[in-house]
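> Sharing a model that was predicted from the sequence below.
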Amino acid sequence: MFREHARKKKAAHEELFKGLKVEKVVVPLPEKEQVCPVCGTQMVLTCEKYVRRELEFIPGTCRVIEYYSQSYGCPSCKEGPGDTKKPVIIKSQVPDALAGKGPASASTVAWTMYQKYANGLPLYRQEKNWKQYGAQISRTTLANWTIYCSRNYFQPMYDYFHRELLKRSFAMADETRVQVLNEEGRRAKTQSFMWLFRNGKDGLPAIILYGYSPARDSSHAREFLEGYSGYLETDGYQGYNNLPGISRCSCWAHIRRYFIDAVLKGKQYDYSQPAVQGVQYCNRLFAIEDSINKKYPDDYEKRKQLRLEKEKPVLEAFWLWLDHQKPVWNTRMDKAVNYVLNRRNTAETYLEDGRCSFTNNLSENAIRPFAVDRKNWLFSRSVDGANASAVV
């Protein structure tokens, strides 16, 4: 039955600006107009009516804070002739600087990090913003502050979350390219990689960690996941193969993507096309998975039971259909078939436990902000900068 599209209800101003301070502005009638135009009597206020509201923006401001220490001396200890006692002087303790001896404050560095990693604003543009505020801070200084604070303040917290992640039994991973200009023994144009590791759908608080590596081989994944034992959901990259203590799960979103790419233009509704048939098998699995997740979002045993009852028959039919496919060599359909056949075992691993993820979409969504921001700031100048980006 056709269901009419329901338009989303427009939010009221009270909801849009909830939490903001409200300043009331009353516009009085000018005194010369407060006289009755008929009889000349002084008029009196009878009511007050709301008319409209507006959102006002107040730009950020900078100020310089100078710290002074005070010294206190005991007047009694140096009184009297020939007194050989040393004067007693005590100085007040000024808080340590945030980063070395520079003028960095917690608010300054936090804003720099937020602008770069949340808003994707490169340091050279931040340098111009600080100049508008009246502060001459170079992009090099901003980078040094970020690196110093990530290493001295964030790294211990990062290491703690890393240890906690290794205690989990369900993890996910992904990686994306990053360029580092000044890396010993490598050209500036050589591509390095930013990895992402996170927990799966285990019902526990999310832990999402990035890690920099100059290469994409399995050594980084092996080192980062050392001591981890459990399931690992990834895309089809073979660098995750044969990691000790790990049962690998393949992403069904990637499998479906290969079949979608193999569909000929204008043939997406031609069900005689093998690629379209492959998409339909995947769509059926996704529909069942979505239905199970909506009905039993936190019941992992029920999820496992229904996956075996409803999805396993679809998988068996899919593998039987796949065995009969004879695509033309080196076509997109050929690549799709080979991609799936090479991951046949890991594509069914998710049936073993209801907490196993069906796709790697959580990882892709988590690494996407980094990939989007990278289009703005383009590269890291040093390995220390790349490591700081990962930690922050």
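Thanks, I have the structure now. Residues are numbered from 1 along each chain as shown.
> buried sites along the top helix by length along the chain?
In the chain, assigned by DSSP state H, the helix with the most residues is helix 274-295. Residues of helix 274-295 classed as buried: 274-279, 281-282, 284-285, 288-289, 292 (neighbour count, 16 or more other C-beta atoms under 10 Å). C-betas here are computed from N, CA, C, even on glycine.
> Adding distance to residue 65, write the residues you listed out as TSV.
What follows is the buried residues of helix 274-295, written out as TSV (distance: C-beta to C-beta, whole Å):
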residue	distance to residue 65
274	69
275	65
276	66
277	68
278	64
279	61
281	64
282	59
284	63
285	60
288	61
289	55
292	57
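> For the residue lying closest to residue 183 once chain neighbours are set aside, give me its contacts.
Counting by C-beta to C-beta, 6 or more residues apart in numbering, residue 183 lies nearest to residue 383, which is 5.7 Å off, once chain neighbours are set aside. When contacts are counted by C-beta atoms under 8 Å, 6 or more residues apart in numbering, residue 383 touches 180, 182-183, 212, 214.
> Relative to residue 92, how far out is residue 231?
According to C-beta to C-beta, to the nearest Å, residue 231 stands 56 Å off from residue 92.
> Equivalent analysis for residue 44, please.
60 Å.
> ok, now residue 234?
Distance, residue 234 to residue 92, using C-beta to C-beta: 56 Å.
> and if you look at residue 109?
Remark: distance between residue 109 and residue 92 (C-beta to C-beta) = 25 Å.
> Who has more neighbours out of those two?
The neighbour count for residue 109 versus residue 92, taken as other C-beta atoms under 10 Å, is higher for residue 109 (20 against 10).
> Need the three-state assignment for that one.
Classification of residue 109 using DSSP: H, G, I helix; E, B strand; the rest coil returns helix.
> mind listing what the residue lying closest to residue 41 once chain neighbours are set aside touches?
Using C-beta to C-beta, 6+ apart and skipping residues adjacent in sequence, the residue nearest residue 41 is residue 35, 7.3 Å away. Residue 35 makes contact with 41-43 under the criterion C-beta under 8 Å, 6+ apart.
> in stretch 229-243, what counts as buried?
For stretch 229-243, the neighbour count (16+ other C-beta under 10 Å) marks 230-236, 239-240, 243 as buried.
> Ignoring the adjacent residues along the chain, who's closest to residue 190?
Nearest residue to residue 190, sequence neighbours excluded (C-beta to C-beta, 6+ apart): residue 183, at 7.3 Å.
> Quick check, the one you found in contact with residue 214.
Yes - the criterion here is C-beta atoms under 8 Å, and residue 183 meets it with residue 214 at 6.4 Å.
> which neighbours do these two share?
Contact criterion C-beta under 8 Å, 6+ apart; residues shared by residue 183 and residue 214: 192, 383.
> Please enumerate the strands of the stretch 51-200 of the chain.
Using DSSP state E, counting those that start in this stretch, the strands of the stretch 51-200 of the chain run over residues 71-73, 89-91, 170-182, 191-199.
> Using CSV, lay out the ones you listed together with mean pLDDT and mean neighbour count.
Shown next, in CSV, are the strands of the stretch 51-200 of the chain (pLDDT from 0 to 100; neighbours: other C-beta atoms under 10 Å):
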stretch, mean pLDDT, mean neighbour count
strand 71-73, 88, 9
strand 89-91, 90, 10
strand 170-182, 89, 20
strand 191-199, 91, 20
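> among the ones you listed, which is nearest residue 21?
strand 191-199 (36.9 Å; C-beta to C-beta).
> residue contacts, residue 293?
So residue 293 contacts residue 303 (C-beta under 8 Å, 6+ apart).
> For it, give me the pLDDT.
For residue 293, the pLDDT comes out at 92.
> List the beta-bridge partners for the residue nearest to residue 41.
For residue 35, the beta-bridge partners are residue 42 (DSSP bridges).
> Which one of the contacts of residue 383 is nearest to residue 362?
Using C-beta to C-beta, residue 212 comes nearest to residue 362 of these, at 20.9 Å.
> So what's the residue count around the residue lying closest to the closest one once chain neighbours are set aside?
Once flanking residues are discounted, residue 212 sits nearest to residue 386: 4.3 Å by C-beta to C-beta, 6+ apart. As a burial measure, residue 386 scores 26 neighbours (other C-beta under 10 Å).
> what helix or strand is residue 386 on?
Element membership for residue 386 (DSSP states H and E) is helix 383-391.
> how far is that helix from where the chain is centred?
Relative to its parent chain, helix 383-391 has a centroid offset of 15 Å by C-alpha atoms, centre = their mean, to the nearest Å.
> In three-state terms, label residue 381 for me.
With three-state DSSP as the basis, residue 381 sits in strand.
> wait, doesn't it sit right on residue 181?
Yes - in this structure, residue 381 is within contact of residue 181 by C-beta under 8 Å, at 5.2 Å.
> Compare the contacts of residue 35 and tell me which has the most neighbours.
Neighbour max across the contacts of residue 35 (other C-beta under 10 Å) = residue 43, 11 neighbours.
> any idea how far the closest residue to that residue other than its chain neighbours is from residue 48?
Nearest residue to residue 43, sequence neighbours excluded (C-beta to C-beta, 6+ apart): residue 34, at 5.0 Å. Separation of residue 34 from residue 48 (C-beta to C-beta) stands at 15 Å.
> Neighbour count: the two, which is higher?
The neighbour comparison of residue 34 against residue 48 (other C-beta under 10 Å) goes to residue 34, with 12 against 7.
> The more buried one against residue 46, yeah?
No - with contact defined as C-beta under 8 Å, residue 34 does not count as touching residue 46 (11.8 Å).
> Doesn't residue 210 belong to a strand?
Yes - applying three-state DSSP, one finds residue 210 inside a strand.
> Can you report how many residues lie near the residue nearest to it when sequence neighbours are not counted?
Counting by C-beta to C-beta, 6+ apart, residue 390 is the residue found nearest to residue 210 once chain neighbours are left out, at 4.0 Å. Residue 390 has 20 neighbouring residues, counting by other C-beta under 10 Å.
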